[in-house]
Each structure stands twice: as C-alpha cells, then as structure tokens.
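In: No letters, just coordinates:
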C-alpha cells in the first residue's frame, strides 16, 4: 500500500509538465524574444532537464506554437462560445468580445504575445502565419460577425466591416503594448480604468444608430 502512493503524484506531475513548460517559455519569449530564447533556459526555468522538455516538444518552434495554442486558444474558444450565447444581442456581443479580449489577454501575462509577434513576424514568417491563422483570423471573424449581425438588425449603422474590425482592435492592442513597454515611463497615460470606458464610449456612440433609425 505504501509503495503505490508515489505513483499518482508522478502521474500528476507528468500531466502538469506541458503547461509548466509553456508558462516558462512564455516568460522567456516575452523577456528575450523568440530568437534569443534557448530551450535549456526554458527547461531550467521550469525546473526540469532539457531532455524532459524534449519529451513534450521536439523543437523551439513546437514549443512556441504550444504557448499560443494553450495560452490564447482558450480565449478564442471563449469568444466563439460568446458568439453563440449572445448573437441575439449584437451590441452586447460586440462589447463582450472586445472586453473579453482585454480581460483574458491584455490584462494578463499573455499581453506579451501580441507585442512579441509584432516584433518577430518578419523574422519568423512561418510562426507569424501560424499566429495569424490561429488567433488573428479567428478573432477578426468573431468581431466581424458581431458587426454584421448588428447592421442586419438595424442596431449598428452600415460600415465597412473589415476596416472597422481593424479600427476596433487597434486601440486594445495599443493599450496592451503600452502596458508591457512604455508604462515603465508613463503608467498614467494608458490606465485601463480610464482608457477602456473612453474606448467603449467612442466605439458604441460611433457605431450605434439613433433611436429614429438614422446615423448617430
């Protein structure tokens, strides 16, 4: 009976290692950049050997993709679930999608990933394409879908949807990048508690139709 006790702990530890490795990798990728991060550093930060890391990820590229899939994948899944839940109310859906991105990415340690991808996209086009397909295109589709629903129902005024999606996401990305960079110089310039209400005020008042059906 005593001999069997360590085994469940061992199984739990092995199951936990991929997430521990991706958490360590995320920190190093954001701190040092993709090119400068070495797998032995990731292993050391996670408290395992480099050989153990290779049991789960056969390359730095595979590890990076896992960071995206395990970190931001759930954000995309949550957005898709919100779309199904709130499609009856496009305005609430739009706000939930945009606000949810900030809460789950911009306000967390995952905020370093967009900044990292902006910096590294041209140097590593294959990784940029992976990020674009797994994150950017899915996020765009969700916001575009909310806009289209709102326009169809007369709640939002007609706009060019693709360019509006870009315009809606850019301020949130800027807030995220500022938080992980220039906030060390001026933390007051982009305080989320001030910035986000202003952002939503401008967005919604810019998109909503008037009660009489005309444009705002």
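Out: The structure has been received and is ready for your questions. What you are looking at is a predicted structure, and each value in this text was computed from that prediction instead of being measured.
In: The lowest-mean-pLDDT helix or strand in the chain: what's the following helix or strand?
Out: Every helix and strand of the chain was ranked by mean pLDDT, DSSP states H and E. The lowest is helix 6-32, at a mean of 73. Using DSSP states H and E, the helix or strand that follows helix 6-32 in sequence is helix 39-46.
In: What are the structural domain limits within this protein?
Out: Per the record, the chain has its domains at 6-64, 72-207, by automatic domain parsing.
In: export those domains to a markdown table and tack on mean neighbour count?
Out: (C-beta placed from N, C-alpha, C; glycine too.) Listed next are those as a markdown table, based on neighbours: other C-beta atoms under 10 Å:
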| stretch | mean neighbour count |
| --- | --- |
| domain 6-64 | 15 |
| domain 72-207 | 16 |
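In: Which residues outside stretch 29-48 are in contact with it?
Out: With contacts defined as C-beta atoms under 8 Å, 6 or more residues apart in numbering, stretch 29-48 is touched by 17, 20-21, 23-25, 27-28, 49-50, 52-54, 60, 63-64, 67, 109, 112-113, 115-116, 119-120, 123-124, 127, 180.
In: Just the ones of those in helices?
Out: Members of those lying in helices (criterion: DSSP state H): 17, 20-21, 23-25, 27-28, 50, 52-54, 60, 63-64, 67, 112-113, 115-116, 119-120, 127.
In: weakest of the domains of the chain by average pLDDT?
Out: Here the lowest mean pLDDT among the domains of the chain goes to domain 6-64, at a mean of 84.
In: Can you name the residues that contact the closest residue to residue 153 other than its chain neighbours?
Out: Leaving out its chain neighbours, the residue that sits closest to residue 153 by C-beta to C-beta, 6 or more residues apart in numbering is residue 90, at 6.3 Å. Shown in contact with residue 90 (C-beta under 8 Å, 6+ apart): 146-147, 149-150, 153, 155-156.
In: if you set the cut-off to 7 Å instead, what comes out?
Out: By C-beta atoms under 7 Å, 6 or more residues apart in numbering, the contact set of residue 90 is 146, 149-150, 153, 155-156.
In: how close does it get to residue 202?
Out: From residue 90 over to residue 202 the distance is 18 Å, taken as C-beta to C-beta, to the nearest Å.
In: One more: residue 179?
Out: If you measure residue 179 against residue 202 using C-beta to C-beta, the figure is 19 Å.
In: go on, residue 118?
Out: Counting by C-beta to C-beta, the gap from residue 118 to residue 202 is 23 Å.
In: And residue 151, by the same measure?
Out: For residue 151, the distance to residue 202 - C-beta to C-beta - is 18 Å.
In: Quickly find the element holding residue 174.
Out: Secondary structure from DSSP H and E places residue 174 in helix 161-179.
In: Next SSE downstream of that helix?
Out: Heading C-terminal from helix 161-179 (DSSP H and E), you reach helix 192-207.
In: now that following helix and helix 161-179, what's the angle there?
Out: 170 degrees (axes from the mean of the first three to the mean of the last three C-alpha atoms, to 10 degrees).
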